[in-house]
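Enquirer: Build the 3D model from these lines:
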Amino acid sequence: MEAGNRIGSTAHPSSAPAPVPGRSCSGTLGRHLARRLVEVGVNDVFSVPGDFNLTLLDHLIAEPQLNLIGCCNELNAGYAADGYARARGVGACVVTFTVGGLSVLNAIAGAYSENLPVICIVGGPNSNDYGTNRILHHTIGLPDFTQELRCFQTVTCAQAVVNNLDDAHELIDTAISTALKESKPVYISISCNLPGIPHPTFIRDPVPFFLAPKVSNQLGLEAAVEAAAEFLNKAVKPVLVGGPKLRVAKAQEAFVGLADVCGYPVAVMPSGKGLVPEHHHQFIGTYWGAVSTSFCGEIVESADAYLFAGSIFNDYSSVGYSLLIKKEKSIIVQPNRVTIGNGPSFGWVFMADFLSALAKKLKKNTTALENYRRIFVPPGIPLEFNKDEPLRVNVLFKHIQEMLSTETAVIAETGDSWFNCQKLRLPENCGYEFQMQYGSIGWSVGATLGYAQGAKDKRVIACIGDGSFQVTAQDVSTMIRCMQKSIIFLINNGGYTIEVEIHDGPYNVIKNWDYTSFVNAIHNGEGKCWTAKVRTQDELEKAIATATGSEKDSLCFIEVIVHKDDTSKELLEWGSRVSSANSRPPNPQ
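Expert: Numbers count the residues shown, from 1 in each chain. As a prediction, this is how the structure comes out:
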């Protein structure tokens, strides 16, 4: 099962044996794919039916360990597979040719940006139609069927077009293996007439799935560790900062082990929140430049050495390129490379190996941590206010903080929820997910569906703005069908607030909905769903008490009415800096 991009041939499946009436279909392409999905950890597949994938869906349903979840649209099916991959390590969705594939494309691009292995399966044209110059429906009207494939080539790490049974086994296994090895999405197109046909390569039980472990270059590892240890041991007040690629590198445990040994303060980049335990006694908060949590930014930026593990420095995470970080003071540890200051860079050195080996070479140094504790002042408590006074967003998140436990997970939608959720202190084993690199509004509805399905031991608390919710609202329906018990806080402030703070205009105002009535209409008396609309702290407290009490086994939707200008101070600062970065004039020619 070697990695690589493979495209199927256009030969007809004429050599395949014809189906035998009454014979078991366990030796078919469809059942092989279903078994492979189960083997790699997928037990729920998110789908939208279409005429090109219907037979394939029959064979996926026939796999007893696979649950097919029908979504309202392909975009949400892709977002759900993204959320599922965050909870389970891998996700999958099934759509139909071109109209479905191009619809799910945005979600797959988001999964690519976030390093998530999502297996995107498309029911493709009949194998006999390839190379015939025919025009098919669900296409743009040209006898070329490759438009969809060419689009997916830019947002997946491998593509397989299966229109010939002879190499179907190899193409499917190679694509799935590549997704897991690269931790990126892959695209698999399967001709609609092939899933139910037995073939010798599928008749016997498939060889168990196996991926060879990655091993660091030993000499490179030793050199990187020696150079890094020398760099850090001579520093006066070094710090550690965890980033989003800790997940793809499977290096969270090694990162914590390093922190335990060295005694440095531990911060996390905003897109890495949830990957570093915040109950750790050395944790000092989120490092996000000018919008860092209290006193964290000062400690990181005043350090004379900092190790960034799995960092991504884009315009959002760098607050419009305004971080006060110097390359010569930094060690940048990526999943398979270590770069030390302005000096050497060591390739094929894997993050977990490096961090574990470095822990054995570092001297304990608590200077920066002691500085943090010396200057730290606890954040202020929201002011008390009069009964029936309109609810403020900071009060809402004070109450959300009190709801968090080891049995919860937070999904934060793109927008002001990014900033408010960053300030939540996560208890041990409390999940946390948001999509910072891609930042697609509406992502959280599908992601909540997928994450809740993949992590049934946790109750998801989703924080979603009204503008984002309008993009993908339909799949609350699927959450109810799946008997999920998430709590959705719909923050209704009448527009695209994050866009307002970057650049305002009439386009940022949206039509207000009666969101609770909308969800009640979706509920329609079928399944367990409870809704509430709150405008004051008293109403919020009662709604939370109900959601966590008598309605704890229901999907709970709480619409929170707040002022359109009620934003976090961090969004105001961040928005102005990102706006400044976006509006830079062209460089002189």
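Enquirer: give the contact list for residue 30.
Expert: 55-56, 58-60, 62, 195-196 (C-beta atoms under 8 Å, 6 or more residues apart in numbering). Every residue, glycine included, has its C-beta placed from N, CA and C.
Enquirer: okay if I get the residues you listed as CSV plus secondary structure?
Expert: Shown next, in CSV, are these (DSSP: H, G, I helix; E, B strand; the rest coil):
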residue, secondary structure
55, helix
56, helix
58, helix
59, helix
60, helix
62, coil
195, coil
196, coil
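Enquirer: Of these, just say which sits nearest to residue 90.
Expert: Of all the contacts of residue 30, residue 60 has the smallest distance to residue 90: 15.5 Å, by C-beta to C-beta.
Enquirer: Can you name the residues that contact residue 449?
Expert: Per C-beta under 8 Å, 6+ apart, neighbours of residue 449: 46, 69, 71, 76, 79-80, 83, 475, 478-479, 482, 484.
Enquirer: Ignoring the adjacent residues along the chain, who's closest to it?
Expert: residue 80 (4.5 Å; C-beta to C-beta, 6 or more residues apart in numbering).
Enquirer: go on, residue 410?
Expert: For residue 410, the spatially nearest residue (C-beta to C-beta, 6+ apart) is residue 432, at 4.8 Å.
Enquirer: sorry, back to before: going through the contacts of residue 30, which ones are buried?
Expert: 55-56, 59-60, 195-196 (16 or more other C-beta atoms under 10 Å).
Enquirer: among the residues you listed, which two are most distant?
Expert: Maximum pairwise distance among these (C-beta to C-beta): 11.7 Å, between 60 and 196.
Enquirer: Count the residues that sit near the closest residue in space to residue 441 that isn't next to it in sequence.
Expert: Closest residue to residue 441 apart from its sequence neighbours, by C-beta to C-beta, 6+ apart: residue 468 at 4.3 Å. Neighbour count of residue 468, defined by other C-beta atoms under 10 Å: 24.
Enquirer: contact partners of the strand or helix carrying residue 468?
Expert: If you go by DSSP states H and E, residue 468 is part of helix 466-472. By C-beta under 8 Å, 6+ apart, the list of residues contacting helix 466-472 from outside reads 73, 75-76, 79, 413-415, 441-446, 490-497, 510, 512-513, 515.
Enquirer: 6 Å - rerun?
Expert: Around helix 466-472, the neighbours that count as contacts under C-beta atoms under 6 Å, 6 or more residues apart in numbering are 76, 413, 441-442, 445-446, 490, 492, 496, 510.
Enquirer: just stretch 192-207 next, same as before
Expert: With C-beta under 6 Å, 6+ apart, stretch 192-207 has contacts from 16-17, 25, 27-30, 32, 52, 55-56, 59, 123, 126-127, 165, 169.
Enquirer: What's the PyMOL syntax to select whichever of those residues are buried?
Expert: Only the buried entries of the contacts of stretch 192-207 go into this PyMOL selection, using 16+ other C-beta under 10 Å:
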select buried, resi 16+25+27+28+29+30+32+52+55+56+59+123+126+127+165+169
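Enquirer: Tell me which of the contacts of stretch 192-207 fall in helices.
Expert: Residues of the contacts of stretch 192-207 located in helices (DSSP state H): 29-30, 32, 55-56, 59, 169.
Enquirer: Tell me the one among the residues you listed nearest to residue 560.
Expert: Nearest to residue 560 out of the ones in helices among the contacts of stretch 192-207 is residue 56 (C-beta to C-beta; 41.7 Å).
Enquirer: Nearest spatial neighbour of the closest one, chain-adjacent residues omitted?
Expert: Closest to residue 56 by C-beta to C-beta, 6+ apart is residue 195, at 4.4 Å.
Enquirer: What is the burial count for residue 200?
Expert: 13.
Enquirer: average pLDDT across the helix or strand in which residue 352 is found?
Expert: Assigning secondary structure by DSSP H and E places residue 352 in helix 351-359. For helix 351-359, mean pLDDT is 98.
Enquirer: Could you do stretch 122-134 as well?
Expert: For stretch 122-134, mean pLDDT rounds to 86.
Enquirer: and what of stretch 491-502?
Expert: Computed over stretch 491-502, the mean pLDDT rounds to 66.
Enquirer: hmm, back to that, from residue 292, how far out is the residue nearest to residue 441?
Expert: Distance, residue 468 to residue 292, by C-beta to C-beta, to the nearest Å: 25 Å.
Enquirer: With residue 93 instead?
Expert: Going from residue 93 to residue 292 by C-beta to C-beta gives 36 Å.
Enquirer: between these two, who's got more neighbours?
Expert: Of the pair residue 93 and residue 292, residue 93 is the one with more neighbours under other C-beta under 10 Å, namely 32 against 24.
Enquirer: if I pick residue 248, what's in contact with it?
Expert: 115, 183, 335.
Enquirer: try it again with 8 Å
Expert: When contacts are counted by C-beta under 8 Å, 6+ apart, residue 248 touches 115, 183, 310, 335.
Enquirer: What about those, which one has the most neighbours?
Expert: Each of these was scored for neighbours by other C-beta under 10 Å, and residue 310 scores highest at 26 neighbours.
Enquirer: circling back to that earlier point, closest one to residue 392 out of the contacts of residue 248, please.
Expert: Distances from residue 392 to these, taken by C-beta to C-beta, are shortest for residue 310, at 34.9 Å.
Enquirer: For that closest one, which non-adjacent residue is closest in space?
Expert: In space, residue 310 is closest to residue 245, 3.1 Å off (C-beta to C-beta, 6+ apart).
Enquirer: Please apply the same query to residue 190.
Expert: residue 162 (4.7 Å).
Enquirer: How many residues are close by residue 367?
Expert: Neighbours of residue 367 using other C-beta under 10 Å come to 17.
Enquirer: Enumerate every residue touching it.
Expert: By C-beta under 8 Å, 6+ apart, the neighbours of residue 367 are 236-237.
Enquirer: What residues does residue 214 make contact with?
Expert: Residue 214 touches 181, 336, 350, counting by C-beta under 8 Å, 6+ apart.
Enquirer: could I get the residues you listed as a markdown table with distance to residue 140?
Expert: As requested, the contacts of residue 214 are exported to a markdown table (distance: C-beta to C-beta, whole Å):
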| residue | distance to residue 140 |
| --- | --- |
| 181 | 33 |
| 336 | 39 |
| 350 | 43 |
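Enquirer: What backbone torsions are found at residue 223?
Expert: Residue 223 adopts backbone torsions of phi -70, psi -40, taken as degrees, to the nearest 10.
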